[in-house]
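Q: Quick one, structure for this:
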Amino acid sequence: MAAAVECAERGCRTILVEREEYIGGVLNQCIHNGFGLHVFKEELTGPEYAQLFKSQIRQKGVETRSDLFVVKVDAERREVVTMGKNGCAIYRPQALIMTTGARERPFNSLRIPGTRPAGIYTAGVAQRFVNLHNRLPGERAFVLGSGDIGLIMARRLTLEGMTVLGVAELMPHPGGLARNISQCLHDFNIPLYLSTSVVEVHGRERLEGITLAKFDPVTLQRLPGTEETIACDTLILSVGLLPQNELIESFVETDPVNRGVKVDSFMRTTHPWVFAAGNNVGVYDLVDFVTLDGKIAGQSAAKMVHDGFLPEKRVPLARTENISTLIPSLCCLEGNPFTIYFRSKKTMKKARISIGPGLFETIRMGIKPSEMVDIPFTVKHMEKLKQLGLSKIEVSLKEVL
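A: The predicted model follows:
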């Protein structure tokens with residue numbers, strides 16, 4: 001939605017395609033607050049956040065096409081093939097912005113032995129049941145994975161009258177934001193089991209229980225003799241998100257660490273007329289960050305439509321040993337200021353962040369893998385980069401003892 005608004009503001013005919021009945025994506029079912037602190041400088045619920053953009057979309061004249069499924073993106077013919085209630089429709093855009101987000105990792109990918117009974121849901125599906133359809137998934141729930149949606153659903157199910165027995169996390173540290181650990185678990189006395197995972201499910205027609213086991217925090221190997229069986233009828237999965245790029249991954253480059261498409265600081269993919277922004281580039285922790293990159297994508301796409309091209313001179317960003325997710329992958333030397341986002345591989349009480357060499361250095365406290373670090377790359381940094389003539393920009397994160 002942010003990308004569409006930016007395109008329309010710059011005089012481009014803009015069409016927003018959405019496969020759901022309503023635009024707004026997953027925000028429509030995220031009725032908790034915590035959105036908008038960066039973009040709107042106020043705390044909003046998901047529907048409130050989405051509504052502000054829906055209003056802008058109407059004001060700017062963006063054409064919306066809901067209930068429309070994209071079947072194929074043909075790079076050679078420059079076509080987007082869609083299917084909806086009225087049949088097939090083909091669009092031939094001058095620029096395409098992919099904001100397809102991420103999907104939840106399914107239960108089958110975890111390779112947990114046992115049957116496949118009813119009562120096992122991803123956190124997003126459970127959230128949809130409760131918030132949109134007013135249905136509880138069960139009575140006694142356990143949450144596997146400490147991602148933000150799982151933490152929020154632990155609280156939500158508790159408020160709706162279910163008994164949430166605990167949250168298990170395979171890693172030795174939580175996967176969600178610190179505020180969600182505090183507000184969703186600690187405030188409701190829901191236990192968090194670190195270095196723990198589900199190793200078996202029980203039940204045939206309906207889930208009857210799960211078996212937990214401890215894992216070594218370094219090797220992640222299961223520790224024999226630590227098994228514990230818990231009776232429950234619902235298992236909620238919050239075990240990670242996977243960027244959705246099936247429509248374009250055959251002709252654009254992907255980042256093996258981010259698991260999303262590679263983009264430069266214009267949010268342009270390796271295919272010249274295809275842009276991307278949001279969780280299909282890399283999984284963010286705040287919707288505000290997604291929005292800000294969506295704005296850049298919209299501005300860049302509009303510029304390409306009007307000018308016919310974007311500057312090509314780019315310098316790659318390189319991650320060092322403690323960096324996992326890193327966005328973007330390339331810096332455009334003739335581009336505008338942008339933000340570098342990255343995640344740490346481990347928790348650090350105090351860390352030195354270096355961009356360069358020689359461009360930027362700062363000390364940050366409380367670095368966690370669950371929380372993205374954002375570093376503004378300003379006009380000053382851009383000018384210094386040109387002066388130094390660097391062949392790559394290293395993003396370095398080192399613990400300070």
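Q: Make sure residue 382 is actually in contact with residue 355.
A: No - if you go by CB atoms under 8 Å, residue 382 and residue 355 don't touch, sitting 11.7 Å apart. C-betas here are computed from N, CA, C, even on glycine.
Q: burial measure for residue 76, as a count.
A: Close neighbours of residue 76, defined as other CB atoms under 10 Å, add up to 6.
Q: Show me the shaky parts of the stretch 251-400 of the chain.
A: The model of the stretch 251-400 of the chain has no residue with pLDDT under 70.
Q: Apply 90 and report the result again.
A: Within the stretch 251-400 of the chain, the stretches with pLDDT under 90 are 285, 335, 370.
Q: Over to the stretch 51-200 of the chain?
A: Residue ranges of the stretch 51-200 of the chain with pLDDT under 90: 106, 108-109, 111, 113-116, 173, 175-178.
Q: so where do the helices sit in it?
A: For the stretch 51-200 of the chain, the helices defined by DSSP state H, counting those that start in this stretch cover 123-131, 148-159, 178-180.
Q: Ranking the ones you listed by mean neighbour count, which comes first?
A: Of those, the one with the most neighbours on average (mean count of other CB atoms under 10 Å) is helix 148-159, at a mean of 23.
Q: could you check the angle helix 123-131 makes with that one?
A: Orientation of helix 148-159 against helix 123-131 (axes from the mean of the first three to the mean of the last three CA atoms, to 10 degrees) gives an angle of 30 degrees.
Q: From the contact count, pick out the helices and strands touching helix 148-159.
A: Under the contact criterion of 3 or more CB pairs under 8 Å, 6 or more residues apart in numbering; DSSP states H and E, helix 148-159 touches helix 123-131, strand 140-144, strand 163-169, helix 178-180, strand 234-237.
Q: chain center to it: distance?
A: How far helix 148-159 lies from its chain's middle: 18 Å, per CA atoms, centre = their mean, to the nearest Å.
Q: What of stretch 175-189?
A: Centroid separation between stretch 175-189 and its chain, computed with CA atoms, centre = their mean, is 19 Å.
Q: secondary structure class for the residue nearest to the spatial centre of the chain?
A: Computing the C-alpha centroid of the chain and ranking residues by CA atoms, centre = their mean puts residue 283 first, at 2.9 Å. Per DSSP: H, G, I helix; E, B strand; the rest coil, the secondary structure class of residue 283 is coil.
Q: Which residues are in contact with it?
A: The contact partners of residue 283, taken as CB atoms under 8 Å, 6 or more residues apart in numbering, are 102, 240-241, 243, 258, 260, 325.
Q: Which of these are buried, as a PyMOL select command?
A: Of the contacts of residue 283, the buried ones go into a single PyMOL selection, burial set by 16 or more other CB atoms under 10 Å:
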select buried, resi 102+241+243+258+260+325
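Q: Same list, the contacts of residue 283, but as a markdown table with secondary structure and distance to residue 80 please.
A: As requested, those are exported to a markdown table (DSSP: H, G, I helix; E, B strand; the rest coil; distance: CB to CB, whole Å):
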| residue | secondary structure | distance to residue 80 |
| --- | --- | --- |
| 102 | strand | 20 |
| 240 | coil | 29 |
| 241 | strand | 24 |
| 243 | strand | 19 |
| 258 | coil | 24 |
| 260 | coil | 20 |
| 325 | strand | 28 |
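Q: Just the closest of the contacts of residue 283 to residue 139, please.
A: Of all the contacts of residue 283, residue 240 has the smallest distance to residue 139: 26.5 Å, by CB to CB.
Q: Residue 370 belongs to a strand?
A: No - under three-state DSSP, residue 370 sits outside any strand and is assigned coil.
Q: Would you check that it makes contact with residue 324?
A: No - contact between residue 370 and residue 324 fails when scored by CB under 8 Å: they sit 11.2 Å apart.
Q: quick one, which of those two is more surrounded?
A: Set residue 370 next to residue 324 and count neighbours by other CB under 10 Å: residue 370 wins out with 20 against 15.
Q: what's that one sitting at in phi/psi?
A: Torsion angles at residue 370 (phi, psi; degrees, to the nearest 10) stand at phi -80, psi -10.
Q: Please report the distance of it from residue 171.
A: 9 Å (CB to CB, to the nearest Å).
Q: likewise residue 326?
A: Taking CB to CB, one finds residue 326 at 20 Å from residue 171.
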